[in-house]
Structures are given as structure tokens and as C-alpha cells.
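J.: model the following, please.
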Amino acid sequence: MPVLRQITTCTEPSTVVIERRARARDRSVDYRLEVCRRHRWLANNWTGRRSTEGAGGRCGTLTDYRPYIQIVQSHADLWLRPLAANGPEDHNGDLAAALRAGYELLTVDREPTGVAVALEHAARIAEAVTVGTLPLAEGRAQLLAVLGAAETLDAGARGA
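T.: Below you'll find the predicted structure:
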């Protein structure tokens, strides 16, 4: 099932589409990212075929078909680490600990922002999945939704 992410708050139509073809047999595309001319720079870290074919959707729309763990890793590598000054580390695969560290990095000497609060909430969801108080599939869906909302909040705060 694809996951919809919004990496900008821009309402302009996209002019460029970045689509990475999958190497997996169960899907043909890993992800499809659409950006407008002004936000092309956001696509610099996204690999794949770039074209104008199929452009015209909303800028910043990312349809992600990858497995859960790859989407979470994408959030960490392309968004959370740069946002939190190249932290947090992966904490030996403990997602809740990594998300809490992100929260702590974003709240050192300042009040929590909506992004920071969302990260703390995502950490609580990850912890609930780990201890079994939240079913795995439901917890993963909630976690991806919260991370997506946090990413969109951050884009708005940065003017993207």
C-alpha cells in the first residue's frame, strides 16, 4: 500500500517528476516525487529518472511504495538527520530511542515546536509497538502518518 507524504506546503503544480524504479518483483516503482521549478532543490537527494512526463500534480507530493523500514530510513536519512544537525544516530535499531533523541536535539534550549512534539509522539507510538500495546500494522500506519505530518510541518516552517 503506498504512503503519501508531502515534503512542501507549496500549492504550485509540479514541473518535474522524480521516479525511482523498483528492483523488487512485487512493485514497479519505489517512489514518485513531484516538485515545482522553485522547489527542484528539494529533489537533489532523491535518485531516479527525472522528467516532465506526468508533472502537474501538487508540488512536494511524494508517493512512496517502499516497505515500511525503507520509508522510515528515508525519513531519518533525508529529513530527520539534517533537521536535527546530523542526528540522531540509529540507536542500534531502536526506533523509539532515535525519535526521542531527535526530539531532544530539537528542544535543547528552546520550547518544543510542532515538529518536535510530533517526533515525541512518534517515539511513543514506536515504543507501544515494541512492547505490544499497539498492534504492529496499526502502529506502523500511525507512525508513518505522524512522521509525514512532522515532515510537512517542518516544510511549512522552512517556507518550502
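
J.: for the helix or strand of the chain with the lowest mean pLDDT, buried residues please.
T.: Least confident helix or strand of the chain, by mean pLDDT, DSSP states H and E, is helix 81-83 with a mean of 74. If you call a residue buried by 16 or more other Cβ atoms under 10 Å, then helix 81-83 has these buried ones: 81, 83. Using the backbone N, CA and C atoms, a C-beta is placed for each residue, glycine as well.

J.: in terms of secondary structure, what does that helix contact?
T.: With contacts defined as 3 or more Cβ pairs under 8 Å, 6 or more residues apart in numbering; DSSP states H and E, helix 81-83 has no helix or strand neighbours.

J.: C-terminal to it, what's the next element?
T.: Following helix 81-83 in sequence order, the next helix or strand is helix 95-107 (DSSP states H and E).

J.: what's the first helix or strand after that following helix?
T.: Where DSSP H and E defines the elements, the next helix or strand beyond helix 95-107 is helix 114-131.

J.: which positions in that next one come out as buried?
T.: By neighbour count on 16+ other Cβ under 10 Å, the buried set for helix 114-131 is 115-129.

J.: what lies in contact with that helix?
T.: Contacts of helix 114-131 with the rest of the structure, by Cβ atoms under 8 Å, 6 or more residues apart in numbering, involve 80, 83, 95-97, 99-100, 102-103, 106-107, 112, 134-136, 139-140, 142-143, 146-147, 149-150, 153-154, 157.

J.: residue with max distance from the center of the protein?
T.: Going by Cα atoms, centre = their mean, the residue of the chain most distant from its centre is D109, 25.2 Å out.

J.: what about T47, how many residues close to it?
T.: Counted with other Cβ atoms under 10 Å, the neighbours of T47 add up to 11.

J.: if I look at it, how far off is R21?
T.: Using Cβ to Cβ, to the nearest Å, we find T47 at a distance of 10 Å from R21.

J.: report the set of residues contacting both of these two.
T.: In contact with both T47 and R21: no residue, using Cβ under 8 Å, 6+ apart.

J.: what comes up buried for the helix or strand that contains V17?
T.: Using DSSP H and E, V17 maps to strand 16-21. Of the residues in strand 16-21, 16-20 count as buried by neighbour count, 16+ other Cβ under 10 Å.

J.: stretch 151-160 now?
T.: By 16+ other Cβ under 10 Å, the buried positions in stretch 151-160 come out as 151-155, 160.
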